[in-house]
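J.: Provide a 3D model corresponding to the input given below.
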Amino acid sequence: MIAFLMWIIDLIANLVFVLILVHVIISYFMKPWHPFRMWVDRIVNPMLAPIRRAMPTIGMFDFSPIILLLLVQVLAAVMKRILLIFV
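T.: Next comes the predicted model:
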């Protein structure tokens, strides 16, 4: 059961990681009104919004996706560590 929960945590963390990377890449190449980009934006922007409010942009660069990627990985590691405590 613990292994399954750890697998689910990894799966969700990896899906979010890929969605963030896709969001960053397609923001350079796709128009904002493209249906796929709008779908990805609807998923990723609510996670990025609090970070963007807390952290100002530096020049024209937005580092909030990098911060979110790090937070997702740290959160997944902490959740897996908590699961291991209860074994």
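J.: what about the helices in this structure?
T.: Taking DSSP state H, the helices of the chain run over residues 2-29, 35-54, 64-85.
J.: Would you mind putting those helices into TSV with mean pLDDT and mean neighbour count alongside?
T.: In short, each C-beta sits where N, CA and C put it, glycine included. Compiled in TSV, these are given as follows (pLDDT from 0 to 100; neighbours: other C-beta atoms under 10 Å):
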stretch	mean pLDDT	mean neighbour count
helix 2-29	95	13
helix 35-54	96	13
helix 64-85	96	14
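J.: Run through who's touching stretch 2-17.
T.: 47, 69, 72-73, 75-76, 79-80, 83-84, 86-87 (C-beta atoms under 8 Å, 6 or more residues apart in numbering).
J.: Using JSON lines, lay out the residues you listed together with distance to Ile26.
T.: Shown next, in JSON lines, are those (distance: C-beta to C-beta, whole Å):
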{"residue": "Met47", "distance to Ile26": "16"}
{"residue": "Leu69", "distance to Ile26": "16"}
{"residue": "Val72", "distance to Ile26": "19"}
{"residue": "Gln73", "distance to Ile26": "21"}
{"residue": "Leu75", "distance to Ile26": "24"}
{"residue": "Ala76", "distance to Ile26": "24"}
{"residue": "Met79", "distance to Ile26": "28"}
{"residue": "Lys80", "distance to Ile26": "30"}
{"residue": "Leu83", "distance to Ile26": "34"}
{"residue": "Leu84", "distance to Ile26": "36"}
{"residue": "Phe86", "distance to Ile26": "39"}
{"residue": "Val87", "distance to Ile26": "40"}
